[in-house]
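>>> Provided below for reference: sequence and predicted model.
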Amino acid sequence: MTMLPLKRFAVLALPMAAFAMTTSASAQEWTPSRSIEFVAPANPGGGWDTLVRTMSRVIQQEELADESFAAINVPGGGGAVAWAQVARDSGNPHKLFATSPPMILVPLAGASRYDHTDFTPIARINTDYSIILVAADSEYQNLDDLFAALKENPSLSVGGGSAPGSMDHISVAGLASAAGMEASSVNYIPFSGGGDAMTNLMGGHIEAVIGGAGEAVGQLGEGSQLRALGVSSAERLGGGLADVPTYQEQGYDYTFDIWRGVMGAPEMPEEAVEYYETLFAEMLETDAWREASDQLGWIDAYQDSDAFATFLDEQQEQFSSVLTDLGLMRQ
């Protein structure tokens, strides 16, 4: 599949020798001159918010940067509102945002005029998995119970924190297909974020929630109002999710991973990209990050800017096929 080239960085025309010396020096010397705006394109409580706040905390705790990373929530449109805001700040090396599959899925579904090629890839950070949650007092004890009810009564709904055709919708549609249902028959209800979806679950407005395992782990445990039915990893996760069975354990031949990364404003200077690449690679090596990742069920999956850009192009091609099958592909 032929893709449009990713936007690259403009540089002033310089004699070759001077250019090499200038770029080398600037790559070594550039550091943020003020606080970095680190945008989570959703309400508090979801996967983007968890990533932004965890990264910001670890960087501060480990004293990896002189300037702070200020977590900013910009909800709406499954990420589209935040992307439009960031797109207007071209060239700003002090603006970053958390990203994951909706960066590919939402534009493909026609719900955003901006896609991944409009921004600067910084780094892929980790991967997470989907998890199915029900209320603690729910009658559903396992996936079989839940999908038997969904087949019998198609009006029953499953909520998620991403837009129709985006990450949570795709994840539950694939699981439904593995359960013998038509993927498009799932009554998926989008909410403004994972936290909002869980609130509606506990209020009895929906039957179940599909979300990121990392954002759910803090909501589970003794005395919790929620209970997990299954996780989309190939093997059981550690930490607070060790007791949650996988889909495959329950006879559903389906896995789904949720990669997460960081992107920047359009046309971000190359020396700023290199600074952040190095910073995030160092962050992943700290004890504080490993402890947080273990607790949240995250798996490190670092890629630098170039590798991440290639990965995003591949994701666009893959998800184009999935959305076509669901009848949600933008025409």
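Happy to help now that I have it.
>>> hang on, Glu139 packs against Asp145?
Yes: using Cβ atoms under 8 Å, Glu139 makes contact with Asp145 at a distance of 7.0 Å. Any C-beta I mention is one placed from the backbone N, CA and C, and that applies to glycine too.
>>> Of these two, which one has the most company?
Using other Cβ atoms under 10 Å as the criterion, Glu139 and Asp145 rank with Asp145 on top: 14 against 10.
>>> Which of the three states applies to the more buried one?
Following DSSP: H, G, I helix; E, B strand; the rest coil, Asp145 is assigned to helix.
>>> The nearest residue to Ile72 once chain neighbours are set aside is in what secondary structure piece?
When the adjacent residues along the chain are set aside, Ile72 lies closest to Val39, with 5.0 Å between them (Cβ to Cβ, 6 or more residues apart in numbering). Using DSSP states H and E, Val39 sits within strand 36-40.
>>> list the helices and strands the helix or strand containing Val172 packs on?
For Val172, the enclosing helix or strand under DSSP H and E is helix 167-178. Contact analysis of helix 167-178 by 3 or more Cβ pairs under 8 Å, 6 or more residues apart in numbering; DSSP states H and E lists helix 102-108, strand 120-135, helix 143-152, strand 157-160, strand 187-190, strand 208-212, helix 305-326 as its packing neighbours.
>>> Turn these into JSON lines, columns for distance to Met283 and mean pLDDT.
Listed next are those as JSON lines, based on distance: least, Cβ to Cβ, whole Å; pLDDT from 0 to 100:
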{"stretch": "helix 102-108", "distance to Met283": "21", "mean pLDDT": "91"}
{"stretch": "strand 120-135", "distance to Met283": "9", "mean pLDDT": "95"}
{"stretch": "helix 143-152", "distance to Met283": "36", "mean pLDDT": "96"}
{"stretch": "strand 157-160", "distance to Met283": "28", "mean pLDDT": "95"}
{"stretch": "strand 187-190", "distance to Met283": "32", "mean pLDDT": "94"}
{"stretch": "strand 208-212", "distance to Met283": "20", "mean pLDDT": "93"}
{"stretch": "helix 305-326", "distance to Met283": "15", "mean pLDDT": "87"}
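>>> How much space separates Ala111 from Ile206?
According to Cβ to Cβ, to the nearest Å, Ala111 stands 21 Å off from Ile206.
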